[in-house]
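Novice: Here is the input, now give the coordinates:
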Amino acid sequence: MKRDVPPSQPTHVAVKETIAELEGCRPRDLGTLGAVIDVDTLDAFGESRFDRTGGEVDSLEFRYCGYSIELFGDGTLYVKH
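Specialist: Below is the predicted model:
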């Protein structure tokens, strides 16, 4: 599943909402996202929306609730089961 995270939405909220949608539940019914990734780092990465060049990290990858999640610097979120 591909989703574009709006600049006005915290990235951690977008991740939880996306997984909840796929699981057919409410975001609060999911496990704690902070147990698998630093939420502040995730949000800061999502807020930085610029082309990352010069050896900088261009994406973040982690697993959450059995899904592989990859977030790119342009705000694109990919979720695979």
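
Novice: ok, which stretches of the chain are helices?
Specialist: Secondary structure of the chain, counting by DSSP state H: helices at 11-23, 39-47.

Novice: would JSON lines of those helices with mean neighbour count, mean pLDDT and distance to G31 be doable?
Specialist: (Each C-beta comes from the backbone N, C-alpha and C, glycine too.) Formatted as JSON lines, the helices of the chain follow (neighbours: other Cβ atoms under 10 Å; pLDDT from 0 to 100; distance: least, Cβ to Cβ, whole Å):
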{"stretch": "helix 11-23", "mean neighbour count": "19", "mean pLDDT": "97", "distance to G31": "9"}
{"stretch": "helix 39-47", "mean neighbour count": "16", "mean pLDDT": "86", "distance to G31": "13"}
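
Novice: will you turn the ones you listed into JSON lines that also has distance to S68?
Specialist: Shown next, in JSON lines, are the helices of the chain (distance: least, Cβ to Cβ, whole Å):
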{"stretch": "helix 11-23", "distance to S68": "11"}
{"stretch": "helix 39-47", "distance to S68": "15"}
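
Novice: Let's see the lowest-mean-pLDDT helix or strand in the chain as PDB, backbone CA atoms only.
Specialist: Within the chain, confidence by mean pLDDT, DSSP states H and E is lowest for helix 39-47 among all helices and strands, at a mean of 86. Extracted in PDB, the C-alpha atoms of helix 39-47 (Å, rounded to 0.1, in the frame of the first residue of the first chain):
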ATOM      1  CA  VAL A  39       8.400   8.500  17.300                       C
ATOM      2  CA  ASP A  40      10.200  11.900  17.500                       C
ATOM      3  CA  THR A  41      12.700  10.700  14.900                       C
ATOM      4  CA  LEU A  42      10.000   9.400  12.700                       C
ATOM      5  CA  ASP A  43       8.000  12.700  12.900                       C
ATOM      6  CA  ALA A  44      11.200  14.800  12.300                       C
ATOM      7  CA  PHE A  45      12.100  12.700   9.300                       C
ATOM      8  CA  GLY A  46       8.500  13.100   7.900                       C
ATOM      9  CA  GLU A  47       8.600  16.900   8.500                       C
END
